[in-house]
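> Here's a sequence, model it:
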Amino acid sequence: MTVEITDDLIARQTPEAQAIIRLLLERIRALEERLGQSPSNSSLPPSSQHPHAKPPRPKPKIPPPPRRTARTPQARPAPT
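Next up is the predicted model:
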């Protein structure tokens, strides 16, 4: 369920609820800004990132071939 939080909706609440809502909205905004940060794009020193950390590999766009579900008998050479 998604509810759009408008100034009108906030204004209909008690003053205490209004203050809490505004505080939480600001906290959400600040956390969303930080969400995509890493030492390479933030103010953190490079030493805070593991030295052997590698970026995640992108998923291949080509689906793998289907797997064989049952073993099929292979042709054997005729005995001589």
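> For Arg27, identify the helix or strand it belongs to.
helix 15-34 (DSSP states H and E).
> List of residues touching that helix?
Helix 15-34 has contacts (Cβ atoms under 8 Å, 6 or more residues apart in numbering) with 5, 10-11, 13, 42. (C-beta placed from N, C-alpha, C; glycine too.)
> what's around Gln18, how many residues?
Residues contacting Gln18 under the criterion other Cβ atoms under 10 Å number 14.
> How about the one 4 residues further on?
Using other Cβ under 10 Å, Arg22 has 13 other residues around it.
> any idea how far it is from Arg34?
19 Å (Cβ to Cβ, to the nearest Å).
> What of Gln18?
From Gln18 to Arg34 the distance is 25 Å (Cβ to Cβ).
> And the helices in this protein, which stretches?
7-11, 15-34 (DSSP state H).
> Tabulate the CA atom coordinates of stretch 17-34 in PDB.
Written as PDB, here are the backbone C-alpha positions of stretch 17-34 (Å, rounded to 0.1, in the frame of the first residue of the first chain):
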ATOM      1  CA  ALA A  17       2.400  13.900  15.200                       C
ATOM      2  CA  GLN A  18       3.300  16.700  12.700                       C
ATOM      3  CA  ALA A  19       6.700  17.100  14.300                       C
ATOM      4  CA  ILE A  20       7.300  13.300  14.300                       C
ATOM      5  CA  ILE A  21       6.300  12.900  10.700                       C
ATOM      6  CA  ARG A  22       8.500  15.800   9.500                       C
ATOM      7  CA  LEU A  23      11.400  14.400  11.600                       C
ATOM      8  CA  LEU A  24      11.000  10.900  10.100                       C
ATOM      9  CA  LEU A  25      10.600  12.300   6.500                       C
ATOM     10  CA  GLU A  26      13.900  14.200   6.900                       C
ATOM     11  CA  ARG A  27      15.600  11.000   8.300                       C
ATOM     12  CA  ILE A  28      14.300   9.000   5.300                       C
ATOM     13  CA  ARG A  29      15.600  11.600   2.900                       C
ATOM     14  CA  ALA A  30      19.000  11.600   4.500                       C
ATOM     15  CA  LEU A  31      19.300   7.800   4.500                       C
ATOM     16  CA  GLU A  32      18.200   7.500   0.900                       C
ATOM     17  CA  GLU A  33      21.000  10.000   0.000                       C
ATOM     18  CA  ARG A  34      23.500   7.700   1.700                       C
END
